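Engineer: Sequence and predicted structure below; questions after.
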Amino acid sequence: MIRSRMIIWACCVSGTLLLGANTASAQGSESAPGSYVAPDAEGFIIAHPEIIHPPEGSRSVVLLGNPSEPGLYVMRITFGPGQGSRPHFHNQARHITVIKGNWWVSTGAASDVYAPDQMKKVGPGTFIYEPPNGHHYDMAKDEEVTVQIMGMGPVTSTQIEQP
């Protein structure tokens, strides 16, 4: 039992070291360098709010896994005012919780054409499920917003051509 825990721990540490400071980006606009939260010696992760901040020059922190590899991932992304995405979809389902601020979203067929005035406001604590291939876009309008995204990797994003 101790040997298997040590092997698991070694794999976690090795994986974390290999990942380094690269962001596990699930979307092109999330490609700035991010950071990863490393598990402790027994594989537990306890990430207090003071360490769940993107490093300078980034807006994402991967809490668990890697969106570009098979398996569960959990990440937080912080968007500054006016930052967001254009119409797109992901090949895998994503489970999103708004942690801080008011997030603006457009979902479904109506989101195939970018129209930010038509977006719906969702506040802190709101849960959003994005089905695989579900067309959408989202943004922070006038304040900083942090969202937590969970899903199964590998996940890829496809931009929707605009007229």
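Structural biologist: Thanks, I have the structure now. Numbering: from 1, shown residues only.

Engineer: Need the three-state assignment for Ala110.
Structural biologist: Going by DSSP: H, G, I helix; E, B strand; the rest coil, the secondary structure assigned to Ala110 is helix.

Engineer: Which residue, other than its chain neighbours, is closest to it?
Structural biologist: Excluding the flanking residues, the one nearest Ala110 by C-beta to C-beta, 6 or more residues apart in numbering is Gln118, at 6.7 Å. Glycine gets a C-beta too; all of them are placed from N, C-alpha and C.

Engineer: Relative to Tyr73, how far out is the one you found?
Structural biologist: 30 Å (C-beta to C-beta, to the nearest Å).

Engineer: Now do the buried residues in stretch 155-163.
Structural biologist: Val155, Ser157 (16 or more other C-beta atoms under 10 Å).

Engineer: should've said stretch 63-80
Structural biologist: Leu63, Gly65, Asn66, Pro67, Ser68, Tyr73, Val74, Met75, Arg76, Ile77, Thr78, Phe79.

Engineer: ok so, going back, thought Ser106 was touching the residue nearest to Ala110, still the case?
Structural biologist: Yes. With contact defined as C-beta atoms under 8 Å, Gln118 counts as touching Ser106 (6.1 Å).

Engineer: Please identify which of those two sits among more neighbours.
Structural biologist: Set Gln118 next to Ser106 and count neighbours by other C-beta atoms under 10 Å: Ser106 wins out with 21 against 11.
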